Every structure is written in C-alpha cells, then in structure tokens.
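1. let me see the structure of the following:
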Amino acid sequence: MAIINTVHLSHKQGSKYLLQDINWSVQDGEHWVIFGTNGCGKTTLLSTICGYRAFSAGSIELLGQPLNLDNAVTLRKELGFVSASYFDRCFKNESSFDIVLSAKFGGFGRRGNISDKDVRRVRQLLESFGIASKGDYPYTMLSQGQKQRVLLARALMAPPKLLILDEPLNGLDIYARDFFLNTLTEIADATDVTIIYVTHHTEEILPFFKKAMLLKNGKVFAQGDLETVFAEDTLSAYFDHQTNARWEGDHFYINIGEDLRMDKSIWA
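-> Numbering: from 1, shown residues only. As a prediction, this is how the structure comes out:
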C-alpha cells in the first residue's frame, strides 16, 4: 500500500513556486532520504504532506486517504513529524510535557480528555529520551538537543505509522547527534514504521535507507533506489560539479570538486 502518494503537487506563494509538480509514491515500510540544499523545498514538502500547510495544485493521499482540511487533524494522529524549523514557530511557552501530549490530538495543544494511560506514556517517553527533569520546562528554555528530543518523543506518542524527520540533527552537539542516530536505527530495526528523513548532509544517511529523492528548486531532480539516486554521475549533474560518493562504514559521504572555492584574488 502507498502510505504517501502525491500527484502533480505544487505550492505557490505569490508568483514563486516553492514546490512544483511533485509526483511521489512511498510504500508502507519503506525508508526514504530526501536530500537537497537549503531552500530547495524540503520543509515545505513535509509540512504540506502532514497537512500543516495548504497546497496550490495537485493531490495528496496520506495513509490511503485523500488529504483535505476535514481529515488533516485525524490523519496527523497516525504520523510523527519532527521539524524544529517548523515547530520553533509554533511552540514557545508550552511545557515539554504538553508538547509531547499534543500529538494525541493531532495539533499543538490539548483538545480532549486525557487519561492516566496518556500521562504514563508521556512520562515514559520523556524518561526514555533522558529529559524527564525537563517536563515542566517551556520550549524556549530548552537547548537545541533537548528540543529535538522533545519533538521526537512527541512524534512517537501514537506510536506512528509514518515517521517524518526534517533535518533532525541541525544544531546538535556530537553526543546528541549520536544519540539521535542510534535511536533512529533502533526504531528502524524494532518497528515496521515507514521513515522519511530529510537532510543536506549525506553522512547522516544510514544503511537501512533504501530509497532516495533529490530536490532542487522545488522540483524532483531524481528519485528511486538510493544507490541509483546517489550515483556519482547523478550527484555531479545535481551539483553541476564533479562529485565523488562513497560508503565509509555505516555512513555515506560525498566530496564536490576542488574547483568549488572562492577566487584567490579576493585575498590580494
């Protein structure tokens, strides 16, 4: 079953397309990497698929249902979305506890009854991510690493059928980075959740990812099997520079041509 299916999806602001003609299908259980440079439309694509942002044209099927204003909140209860670049605009003084709990309602706050089971689930997640002592802290008082842990805990409140991670390592120190990647590997190994991981750092690509998409200027540049999409000829065309690609242990690395540098005359 296709857990995500977009047909000619576009998002336009004024005269500018942030997304244009996105045709994409993700099957249940697949793990995808969406790769692209800053400003290519990655966060816009994810927040649109999650029903947080309207689209201008095309269609989205999410979890087997056409996504619309009437069912967006209901569908969001079955997926986990981690995006500091999006949620930093939504959460300010809310406590870590309430942010994790908000996933139960598919929105940003409490909208219904809260059971003892819900409270135990939130506390268990905060404890598992090592931030139980931060449960009463407002979002703005947390470090970047703590914010990412709160958002990941929120994403797992359901638990989700689909986990969408938007550049989750941004601003993290080496300890928080490794904690997050190790946790993600455990999730991929121990559950059947579908994972979408957005990054512009290829060293974050782990071996369990088998599918990939390259986004460029709001359009799909390439998509399919990871080994094909991240082939050196495809990456060289994407960056318009000779690019070398390789696996080193469990991480994937690329190097762009040596001619990509500032003109030396500026230092004269």
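2. need the helices for the stretch 101-250 of the chain, in chain order.
-> Using DSSP state H, counting those that start in this stretch, the helices found in the stretch 101-250 of the chain span residues 116-128, 144-155, 174-190, 226-229, 232-239.
3. among the ones you listed, which is nearest Asp28?
-> helix 174-190 (14.1 Å; Cβ to Cβ). Using the backbone N, CA and C atoms, a C-beta is placed for each residue, glycine as well.
4. which outside residues touch the closest one?
-> The set of residues external to helix 174-190 that reach it, using Cβ atoms under 8 Å, 6 or more residues apart in numbering, is 31, 129-130, 144-145, 148-149, 152, 156, 163, 165, 168-169, 172, 193, 195, 197, 204, 206, 208.
5. kindly recompute the last result at 7 Å.
-> His31, Gly145, Gln148, Leu163, Pro168, Leu169, Leu172, Val193, Ile195, Leu206, Phe208 (Cβ atoms under 7 Å, 6 or more residues apart in numbering).
6. only whichever of these are buried, select them in ChimeraX.
-> A single ChimeraX command selects the buried members of those (16 or more other Cβ atoms under 10 Å):
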select :31,145,148,163,168,169,172,193,195,206
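7. hang on, the earlier thing: deepest-packed of the helices of the stretch 101-250 of the chain, please.
-> helix 144-155 (a mean of 24; mean count of other Cβ atoms under 10 Å).
8. elements contacting it?
-> Contact here means 3 or more Cβ pairs under 7 Å, 6 or more residues apart in numbering; DSSP states H and E; on that basis helix 144-155 packs against strand 79-83, helix 84-87, helix 96-102, helix 174-190.
9. could you check the angle helix 116-128 makes with the longest one?
-> Using axes from the mean of the first three to the mean of the last three Cα atoms, to 10 degrees, the inter-axis angle of helix 174-190 relative to helix 116-128 is 130 degrees.
10. just the strands in this protein please.
-> 2-13, 16-27, 31-35, 57-62, 65-66, 79-83, 162-166, 194-199, 211-216, 219-225, 243-248, 251-256 (DSSP state E).
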